[in-house]
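Enquirer: Coordinates for the following, if possible.
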Amino acid sequence: MTARATRTGEDAENAENAEDFDVEEVLALVNEDDVRSPGDHHTPAPAPQGGSPKPDHRHKATPWPEARATAARAARSGARRSPVSVRLDDALGLTLAAPLPALTDLPSFDTSAMDGWAVAGPGPWDVREEGVLAGHAEPDPLGDGEAVRIATGARVPQDTTAVLRSEHGRSDDKGRLHATREVVTGQDIRPRGQECRSGDHLLPAGTFVTPAVLGLAAAAGYDTLTAVPRPRVEVLVLGDELLTEGTPHDGLIRDALGPMLPPWLRALGAEVIAVRRLGDDADALRKAITGSGADLIVTTGGTAAGPVDHVHPTLRRIGAELLVDGVKVRPGHPMLLARIKENQHLVGLPGNPLAAVSGLLTLAEPLLRTLAAHPTPEPYTLPLRGEAHGHPYDTRLIPVVLRGDGAVPLHYNGPAMLRGIAAADALAVVPPGGAGAGQETELLDLPWASGGIGVCFT
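Expert: All right, here's what the predicted structure looks like:
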């Protein structure tokens with residue numbers, strides 16, 4: 001997948017600043033650049049023909065960019081999350097909470113960079129019978145005019161002048177080794193400390209742990225890393241109408257969010273500690289929320305004002321602070337964000353599947369990113385290869401596939417549909433009023449399509 005950024009002015013400046021990590025800010029999860037939401041410059045809805053824009057008084061929902069910024073800031077007010085020591089096997093996708101100094105020289109001894117012969121002095125050379133292999137004890141020193149077979153990665157004998165590659169040597173009828181090209185002193189030898197010396201600063205705190213970081217840490221002598229822990233998330237699936245198996249029948253429908261949300265949350269860097277199905281039961285919801293030890297509770301459904309929508313009444317009942325109550329985005333506008341305790345939040349997702357995805361990326365993703373000390377994704381745009389119908393007053397998120405230098409809007413993008421998002425590479429952030437073919441439009445990558453760590457769902 002390609003992600004060609006089109007960026008000017010403030011975007012470029014923020015991208016430059018984002019490279020400058022402060023250790024204390026990383027540990028406290030307070031980097032001002034990290035809460036800037038993409039899409040801050042959406043154009044207002046065009047005026048209807050023959051008059052001024054008509055304001056939307058139906059609710060006091062939060063604009064989409066502001067909602068994302070609020071979610072990213074929300075976790076900052078909580079207590080600091082203590083760094084943890086994590087084995088390398090479990091550290092992929094975490095953020096370093098401390099700098100990474102080298103525990104050894106790399107390489108820790110002079111090694112051969114090629115298969116061939118270690119030679120001493122000018123040729124021709126007499127070749128020893130036994131060769132030198134990687135992982136063996138230090139070989140005997142070479143005398144002038146001597147050579148020894150050597151494997152890549154093996155320790156170079158003392159007094160070696162150079163390593164002669166296998167393809168650059170030949171033997172005469174007396175068994176002496178001759179070079180077929182000039183031998184330069186030190187050639188094909190990796191000297192001790194070529195990459196780093198013990199104590200050298202390899203990576204700063206705030207570094208995202210990729211497979212390459214794991215390899216470097218292992219080479220430098222580490223068995224564990226000091227990292228920011230994964231945010232702990234509990235998912236509460238609400239609704240009496242949901243089936244966990246089989247086909248829909250008798251007014252019941254299959255639960256799509258129970259199977260979808262946990263791996264998606266893991267792809268966003270969370271540890272999903274529980275998935276619970278509660279039905280439409282206000283008391284059960286209250287007990288589940290107040291008894292949870294998660295950093296983030298994610299609920300599905302029940303965020304509107306219907307007779308069995310218990311999320312708002314329950315939050316009022318337990319004295320939660322409502323930070324976002326509705327967002328000017330389609331689908332998903334009834335989503336919400338609440339602070340349950342100083343270091344615990346709740347994201348209420350709508351029950352419709354694509355609306356829930358919208359809520360996940362609008363509120364849960366920025367909050368989890370802050371908790372995990374992950375860097376803010378760099379915003380980028382691509383031109384649309386087709387018209388994207390918008391909402392008169394709200395942002396709209398539409399599934400797209402990326403084709404070359406453009407984004408193709410997909411059908412089946414209604415609030416209850418997953419067919420479009422299942423085939424998508426990203427979501428296009430369509431401003432109020434819509435976007436025409438060829439218009440540059442901001443994109444939100446889906447974790448499995450962006451080539452990032454999120455492809456790991458286990």
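Enquirer: just for the stretch 301-450 of the chain, where's the confidence low?
Expert: Counting by pLDDT under 70, the low-confidence segments of the stretch 301-450 of the chain come to 450.
Enquirer: can you give me the helices in it?
Expert: Using DSSP state H, counting those that start in this stretch, the helices found in the stretch 301-450 of the chain span residues 311-317, 353-359, 365-372, 419-422.
Enquirer: For residue 68, see how far away residue 359 is.
Expert: According to CB to CB, to the nearest Å, residue 359 and residue 68 sit 11 Å apart. To be clear about C-beta, it is placed using only N, CA and C from the backbone, and glycine gets the same treatment.
Enquirer: Flag the shaky bits of the stretch 151-300 of the chain, pLDDT-wise.
Expert: Using pLDDT under 70, the flagged stretches of the stretch 151-300 of the chain are 243.
Enquirer: how many degrees apart are the helix or strand harbouring residue 263 and helix 365-372 in direction?
Expert: In this structure, residue 263 is located in helix 257-267 according to DSSP states H and E. Comparing the axes of helix 257-267 and helix 365-372 via axes from the mean of the first three to the mean of the last three CA atoms, to 10 degrees yields an angle of 50 degrees.
Enquirer: Heading C-terminal from helix 257-267, find the next helix or strand.
Expert: Beyond helix 257-267 in the direction of the C-terminus, DSSP H and E gives the next helix or strand as strand 271-277.
Enquirer: so how far is that following strand from its chain's centroid?
Expert: When C-alpha coordinates are averaged (CA atoms, centre = their mean, to the nearest Å), strand 271-277 and its chain have centres 21 Å apart.
Enquirer: Between the two ends of stretch 375-389, how far is it?
Expert: Across its full length, stretch 375-389 reaches 31 Å end to end, with CA to CA, to the nearest Å as the criterion.
Enquirer: gap between stretch 257-270 and the chain center?
Expert: Going by CA atoms, centre = their mean, the spacing between the C-alpha centre of stretch 257-270 and its chain's C-alpha centre is 13 Å.
Enquirer: One more: stretch 351-364?
Expert: Stretch 351-364 has its average C-alpha position 18 Å from the chain's average C-alpha position, going by CA atoms, centre = their mean.
Enquirer: Could you do stretch 389-406 as well?
Expert: For stretch 389-406, the gap between its own C-alpha mean and the chain's C-alpha mean amounts to 22 Å (CA atoms, centre = their mean).
Enquirer: surely residue 380 meets residue 442?
Expert: Yes: Residue 380 sits in contact with residue 442 when judged by CB atoms under 8 Å, with a separation of 7.4 Å.
Enquirer: More neighbours: which of the two?
Expert: Under the criterion of other CB atoms under 10 Å, the comparison of residue 380 against residue 442 puts residue 442 first, with 24 against 19.
Enquirer: The more buried one contacts residue 377, doesn't it?
Expert: No: checked against CB under 8 Å, the pair residue 442 and residue 377 is beyond contact range at 11.0 Å.
Enquirer: need the contact list for residue 178.
Expert: 123, 124, 169, 170, 171, 172 (CB atoms under 8 Å, 6 or more residues apart in numbering).
Enquirer: Can you work out which other helices and strands pack against the helix or strand that contains residue 67?
Expert: According to DSSP H and E, residue 67 maps onto helix 64-74. For helix 64-74, the packing partners by 3 or more CB pairs under 8 Å, 6 or more residues apart in numbering; DSSP states H and E come out as strand 321-325, strand 327-330, strand 336-341, helix 365-372.
Enquirer: before we move on, the earlier item: quick one: closest of the helices of the stretch 301-450 of the chain to residue 219.
Expert: Taking CB to CB, helix 365-372 is the member of the helices of the stretch 301-450 of the chain nearest to residue 219, at 25.2 Å.
Enquirer: Report the distance from that closest one to the chain centre.
Expert: The offset between the C-alpha centroid of helix 365-372 and the centroid of the whole chain comes to 10 Å, using CA atoms, centre = their mean.
Enquirer: Could you list the residues in contact with that helix?
Expert: By CB under 8 Å, 6+ apart, the list of residues contacting helix 365-372 from outside reads 29, 34-35, 37, 68-69, 71-76, 81, 94-95, 228, 230-231, 233, 265, 268-270, 295-296, 337, 345, 347, 374, 376.
Enquirer: So which residues of the stretch 151-300 of the chain form strands?
Expert: Taking DSSP state E, counting those that start in this stretch to define them, one finds strands in the stretch 151-300 of the chain at 162-165, 169-171, 177-179, 189-190, 201-203, 224-228, 232-237, 242-243, 253-254, 271-277, 296-300.
Enquirer: max-length strand in the protein?
Expert: Scanning the chain for the strand with the most residues, using DSSP state E, yields strand 395-403.
Enquirer: Return the set of buried residues in it.
Expert: Within strand 395-403, the residues scored as buried using 16 or more other CB atoms under 10 Å are 395, 396, 397, 398, 399, 400, 401, 402.
Enquirer: Over to stretch 348-366?
Expert: For stretch 348-366, a neighbour-count test (16+ other CB under 10 Å) marks 348-366 as buried.
Enquirer: Cheers, nothing more for now.
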